[in-house]
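Q: coordinates only, sequence not included:
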């Protein structure tokens, strides 16, 4: 069954996902004057400025809490495991298409966040509700599209892939019972997710900066020790991006289309482009100017793709572990273990912290979407569904979980992409004052 599902996943990303990302991303880039480049310095200033104490208390969560909650959903296991899957299957050239996805995805994600904030509504809890469920009501007749997106985000909000990787890593490295690990992790996920964006943002703001500092420091040390191999590795990324890659060692070989689709879909997964997840999170920001909060997306994707994902891929390229026939979850660990001791203890804990921050961010979004579908019973039903879904996929292969996430992501990309295109004139790419 999963062989057919994998084939279907490959086809829709090759013939639907690829055109959406390239065409819509290029169109938005042109009409915005390449805002992702033009406004990047402004975004950096806004980001730094949000660290100053607020002059007055406003409705919603602090803009930085919203930023880190969103970043927590992006920077995670996808950056050090799923991205390596793209290289194993599509070759080093997949990284180039991950970069393309990030550059074009910046304006797509900016647009969905902007629309989410523009059409958000105040809720009874003293915050806001927003996201594609609200701005799609202005695109499609009736409520079928908003309801469909909310339902898909409920399923996508149960991050089975990262949950599977965390439980697999902890049970394998520490000899723990898989079911016990899954149960304890699930309890901590429910605790964090039930606190909403505010609680998730606080947890992610404590975890993510530490991760970036430690991982990048270790990565730079290894890259500097392999400085002579870097030019060749980068050259391979560019050449195989347009030619595919022949079989090498344990690597199965790749056609050009597989290279492109692997790069785009794993880039979308790592950066959450077109999903609508970011729009739900950012809509709770206390910022009153959508252009300011939305511009933080540029910082988000820069850290996510050009810093963390790129470091992960370059690590496995310069150390040649990408050609080894080993599980994708061990590639970066294998590269780090060549230079640092005790990686078999460090990486599982590292993966736990990263996976947890991502899982709770998605869980929070899924819960909000469930409440949109059923204000009275949505939260309770989501808890039951999440518990059953998490436990079920604990005993399946991680790549099977990733395939399920990939197909749901494609469905969300189609609906949200059409909504962004239809509402493109409602999006402002120029800075306004708070």
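A: Here it is on my side, so go on. Just so it is clear, the structure is predicted and the values come from calculations on it, not from any experiment.

Q: hey, where'd the strands end up in the chain?
A: Along the chain, the segments classed as strands by DSSP state E run 121-122, 128-129.

Q: closest to residue 3 out of those?
A: Closest approach to residue 3 among those (Cβ to Cβ): strand 128-129, 40.3 Å. The way it works is simple: take the backbone N, C-alpha and C, and place the C-beta from them, glycine included.

Q: run the chain-centre distance for the closest one.
A: 22 Å (Cα atoms, centre = their mean, to the nearest Å).

Q: for it, name the packing helices and strands.
A: In terms of contacts (3 or more Cβ pairs under 8 Å, 6 or more residues apart in numbering; DSSP states H and E), strand 128-129 is packed against strand 121-122.

Q: which strands and helices sit next to the strand it packs on?
A: In terms of contacts (3+ Cβ pairs under 8 Å, 6+ apart), strand 121-122 is packed against strand 128-129.

Q: what does the strand it packs on rub up against?
A: Residues outside strand 128-129 that contact it (Cβ atoms under 8 Å, 6 or more residues apart in numbering) are 59, 60, 120, 121, 122, 123, 283, 284, 285, 368, 372.

Q: mind listing what that strand pairs with, with the direction of each?
A: When pairing is defined by DSSP bridges, strand 128-129 lines up against strand 121-122 (antiparallel).

Q: from the strands of the chain, which stretch is densest packed?
A: Comparing the strands of the chain by mean neighbour count (mean count of other Cβ atoms under 10 Å), strand 128-129 comes out on top with a mean of 20.

Q: distance to residue 40 and mean pLDDT added to the strands of the chain, as JSON lines?
A: Shown next, in JSON lines, are these (distance: least, Cβ to Cβ, whole Å; pLDDT from 0 to 100):
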{"stretch": "strand 121-122", "distance to residue 40": "31", "mean pLDDT": "90"}
{"stretch": "strand 128-129", "distance to residue 40": "26", "mean pLDDT": "90"}
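
Q: would you reformat those as a markdown table and include distance to residue 428?
A: Output for the strands of the chain, formatted as a markdown table (distance: least, Cβ to Cβ, whole Å):
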| stretch | distance to residue 428 |
| --- | --- |
| strand 121-122 | 20 |
| strand 128-129 | 19 |
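
Q: mind checking which of the ones you listed is nearest residue 45?
A: It is, among the strands of the chain and with distance given as Cβ to Cβ, strand 128-129, at 24.5 Å.

Q: residue boundaries of the helices in the stretch 101-250 of the chain?
A: 132-135, 144-156, 160-174, 178-193, 196-225, 230-243 (DSSP state H, counting those that start in this stretch).

Q: where among the ones you listed is average confidence lowest?
A: When the helices of the stretch 101-250 of the chain are ranked by mean pLDDT, helix 160-174 comes last with a mean of 83.

Q: what is that one packed up against?
A: By 3+ Cβ pairs under 8 Å, 6+ apart, helix 160-174 packs against helix 77, helix 178-193, helix 343-373, helix 378-393, helix 398-422.

Q: swap the cut-off to 7 Å and go again
A: helix 178-193, helix 343-373, helix 378-393, helix 398-422 (3 or more Cβ pairs under 7 Å, 6 or more residues apart in numbering; DSSP states H and E).

Q: can you pull the buried residues of that helix?
A: Under the neighbour-count criterion of 16 or more other Cβ atoms under 10 Å, helix 160-174 has 160-171, 173 buried.

Q: redo these as JSON lines? Include distance to residue 261.
A: Below are these laid out as JSON lines (distance: Cβ to Cβ, whole Å):
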{"residue": "160", "distance to residue 261": "21"}
{"residue": "161", "distance to residue 261": "18"}
{"residue": "162", "distance to residue 261": "21"}
{"residue": "163", "distance to residue 261": "25"}
{"residue": "164", "distance to residue 261": "22"}
{"residue": "165", "distance to residue 261": "22"}
{"residue": "166", "distance to residue 261": "27"}
{"residue": "167", "distance to residue 261": "28"}
{"residue": "168", "distance to residue 261": "25"}
{"residue": "169", "distance to residue 261": "27"}
{"residue": "170", "distance to residue 261": "31"}
{"residue": "171", "distance to residue 261": "32"}
{"residue": "173", "distance to residue 261": "32"}
